[in-house]
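J.: Quick one, what's the 3D model for this:
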Amino acid sequence: MDAMLRAAEAALRRSPSPALALSQLVEEISAATGHRAPAPAELLEALRRHPERFKILDPGRGPWRFLARGSTSTPDEPWVVSLGDPEDPSEGYAADRLERRLRESIRRVAVELDADSPRQVFRWRAMALAGASLARVLRGKAA
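T.: Numbering: from 1, shown residues only. Below is the predicted model:
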(Lines give C-alpha, C1' and ligand atoms only; values in the text may rest on other atoms or scores of the structure.)
Protein backbone atom coordinates (compact mmCIF):
# COMPACT_ATOMS: atom_id res chain seq x y z
CA MET A 1 0.00 0.00 0.00
CA ASP A 2 2.85 2.40 0.79
CA ALA A 3 4.22 1.87 -2.74
CA MET A 4 0.89 3.09 -4.10
CA LEU A 5 1.07 6.21 -1.90
CA ARG A 6 4.64 6.90 -3.01
CA ALA A 7 3.54 6.49 -6.63
CA ALA A 8 0.70 8.96 -6.03
CA GLU A 9 3.10 11.51 -4.52
CA ALA A 10 5.52 11.06 -7.42
CA ALA A 11 2.72 11.50 -9.97
CA LEU A 12 1.62 14.71 -8.28
CA ARG A 13 5.23 16.03 -8.32
CA ARG A 14 5.56 15.27 -12.04
CA SER A 15 2.25 16.81 -13.06
CA PRO A 16 2.00 20.44 -14.18
CA SER A 17 -0.21 21.06 -11.14
CA PRO A 18 0.31 19.90 -7.54
CA ALA A 19 -3.20 18.45 -7.69
CA LEU A 20 -4.95 16.00 -9.97
CA ALA A 21 -8.47 14.73 -10.35
CA LEU A 22 -8.74 11.21 -8.96
CA SER A 23 -9.18 9.59 -12.40
CA GLN A 24 -6.13 11.43 -13.74
CA LEU A 25 -4.09 10.34 -10.72
CA VAL A 26 -5.08 6.71 -11.30
CA GLU A 27 -3.97 7.00 -14.96
CA GLU A 28 -0.66 8.62 -13.97
CA ILE A 29 0.10 5.91 -11.41
CA SER A 30 -0.69 3.20 -13.94
CA ALA A 31 1.48 4.82 -16.64
CA ALA A 32 4.41 5.39 -14.27
CA THR A 33 4.44 1.95 -12.69
CA GLY A 34 3.51 -0.06 -15.77
CA HIS A 35 1.09 -2.01 -13.62
CA ARG A 36 -2.63 -1.83 -13.34
CA ALA A 37 -3.50 0.97 -10.94
CA PRO A 38 -5.84 0.39 -8.03
CA ALA A 39 -9.52 1.11 -8.38
CA PRO A 40 -10.30 4.80 -7.80
CA ALA A 41 -12.35 4.02 -4.68
CA GLU A 42 -9.51 1.93 -3.22
CA LEU A 43 -6.94 4.66 -3.95
CA LEU A 44 -9.19 7.35 -2.48
CA GLU A 45 -9.67 5.31 0.70
CA ALA A 46 -5.90 4.85 1.05
CA LEU A 47 -5.24 8.55 0.47
CA ARG A 48 -7.87 9.59 3.03
CA ARG A 49 -6.07 7.48 5.65
CA HIS A 50 -3.04 9.79 5.28
CA PRO A 51 -4.26 13.37 5.81
CA GLU A 52 -0.72 14.41 6.68
CA ARG A 53 0.37 13.51 3.11
CA PHE A 54 -2.71 14.24 0.98
CA LYS A 55 -5.67 16.59 1.01
CA ILE A 56 -8.83 15.49 -0.77
CA LEU A 57 -11.04 18.24 -2.21
CA ASP A 58 -14.47 17.57 -3.65
CA PRO A 59 -15.58 20.38 -6.01
CA GLY A 60 -18.68 18.45 -7.08
CA ARG A 61 -20.65 19.32 -4.00
CA GLY A 62 -23.25 22.03 -4.25
CA PRO A 63 -25.89 23.24 -6.70
CA TRP A 64 -23.45 24.18 -9.50
CA ARG A 65 -22.47 20.66 -10.53
CA PHE A 66 -23.68 21.37 -14.07
CA LEU A 67 -20.95 24.03 -14.55
CA ALA A 68 -18.17 21.43 -14.58
CA ARG A 69 -19.63 19.32 -17.41
CA GLY A 70 -17.18 20.62 -20.02
CA SER A 71 -14.08 19.94 -17.94
CA THR A 72 -11.70 16.98 -18.19
CA SER A 73 -12.82 15.55 -14.86
CA THR A 74 -16.31 14.64 -13.83
CA PRO A 75 -18.05 17.19 -11.61
CA ASP A 76 -18.42 14.74 -8.74
CA GLU A 77 -14.81 13.67 -8.86
CA PRO A 78 -12.55 14.51 -5.92
CA TRP A 79 -9.17 16.10 -6.42
CA VAL A 80 -6.02 15.03 -4.61
CA VAL A 81 -3.37 17.49 -3.44
CA SER A 82 0.04 16.37 -2.23
CA LEU A 83 1.01 18.04 1.04
CA GLY A 84 4.61 16.81 0.92
CA ASP A 85 7.76 18.39 -0.36
CA PRO A 86 6.93 19.85 -3.78
CA GLU A 87 10.48 19.38 -5.05
CA ASP A 88 12.16 16.00 -5.24
CA PRO A 89 15.41 16.04 -7.25
CA SER A 90 15.25 12.28 -7.74
CA GLU A 91 12.26 12.71 -10.05
CA GLY A 92 14.51 14.07 -12.79
CA TYR A 93 12.53 17.24 -13.49
CA ALA A 94 13.65 20.53 -12.03
CA ALA A 95 10.93 23.12 -12.39
CA ASP A 96 11.97 26.66 -13.07
CA ARG A 97 11.45 29.32 -10.42
CA LEU A 98 8.16 30.64 -11.81
CA GLU A 99 6.66 27.17 -12.10
CA ARG A 100 7.75 26.30 -8.55
CA ARG A 101 6.07 29.44 -7.23
CA LEU A 102 2.90 28.71 -9.19
CA ARG A 103 2.75 25.11 -7.94
CA GLU A 104 3.44 26.15 -4.35
CA SER A 105 0.75 28.86 -4.50
CA ILE A 106 -1.86 26.37 -5.67
CA ARG A 107 -0.77 23.83 -3.07
CA ARG A 108 -0.69 26.41 -0.27
CA VAL A 109 -4.19 27.68 -1.04
CA ALA A 110 -5.44 24.07 -1.00
CA VAL A 111 -3.84 23.50 2.40
CA GLU A 112 -5.43 26.62 3.88
CA LEU A 113 -8.94 26.40 2.43
CA ASP A 114 -11.97 24.97 4.16
CA ALA A 115 -12.64 21.65 2.40
CA ASP A 116 -16.24 21.77 3.67
CA SER A 117 -16.94 25.01 1.80
CA PRO A 118 -18.14 24.15 -1.72
CA ARG A 119 -17.55 27.74 -2.83
CA GLN A 120 -13.91 27.78 -1.70
CA VAL A 121 -13.24 24.37 -3.23
CA PHE A 122 -14.88 25.33 -6.52
CA ARG A 123 -12.79 28.53 -6.71
CA TRP A 124 -9.64 26.59 -5.86
CA ARG A 125 -10.44 24.08 -8.61
CA ALA A 126 -10.69 26.90 -11.16
CA MET A 127 -7.33 28.23 -9.94
CA ALA A 128 -5.74 24.76 -10.12
CA LEU A 129 -6.97 24.22 -13.71
CA ALA A 130 -5.67 27.64 -14.78
CA GLY A 131 -2.36 26.99 -13.03
CA ALA A 132 -1.96 23.62 -14.77
CA SER A 133 -2.56 25.28 -18.15
CA LEU A 134 0.03 27.95 -17.41
CA ALA A 135 2.53 25.34 -16.17
CA ARG A 136 2.16 23.39 -19.43
CA VAL A 137 2.96 26.58 -21.34
CA LEU A 138 6.00 27.23 -19.13
CA ARG A 139 7.24 23.65 -19.64
CA GLY A 140 6.79 24.01 -23.39
CA LYS A 141 8.95 27.15 -23.46
CA ALA A 142 11.63 25.48 -21.34
CA ALA A 143 11.91 22.55 -23.77
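
J.: When you work out contacts or count neighbours from here on, use the C-alpha atoms and nothing else.
T.: Will do.

J.: In contact with Leu12, which residues?
T.: Residues in contact with Leu12 (C-alpha atoms under 8 Å, 6 or more residues apart in numbering) are 18-20, 25, 81-82.

J.: how about 6 Å then?
T.: Neighbour list for Leu12: Pro18 [criterion: C-alpha atoms under 6 Å, 6 or more residues apart in numbering].

J.: Which strand or helix spans it?
T.: helix 2-14 (DSSP states H and E).

J.: Name the single longest helix found in this structure.
T.: Of all segments of type helix in the chain, defined using DSSP state H, the longest is helix 118-142.

J.: For Val80, see how far away the residue nearest in space to the middle of the chain is.
T.: Centroid check for the chain by C-alpha atoms, centre = their mean gives Ala19 as the closest residue, at 1.5 Å. Counting by C-alpha to C-alpha, to the nearest Å, the separation of Ala19 from Val80 is 5 Å.

J.: ditto for Val137
T.: Relative to Val80, and taking C-alpha to C-alpha, Val137 is found at 22 Å.

J.: Tell me which of those two has more neighbours.
T.: Neighbours were counted for Val137 and for Val80 using other C-alpha atoms under 10 Å; Val80 has more, 25 against 13.

J.: give the contact list for the more buried one.
T.: For Val80, counting by C-alpha under 6 Å, 6+ apart, the contacting residues are 19-20, 55-56.

J.: Among the residues you listed, find me the one that's closest to His35.
T.: Minimum distance to His35 across the contacts of Val80 is 19.3 Å, recorded for Leu20 (C-alpha to C-alpha).
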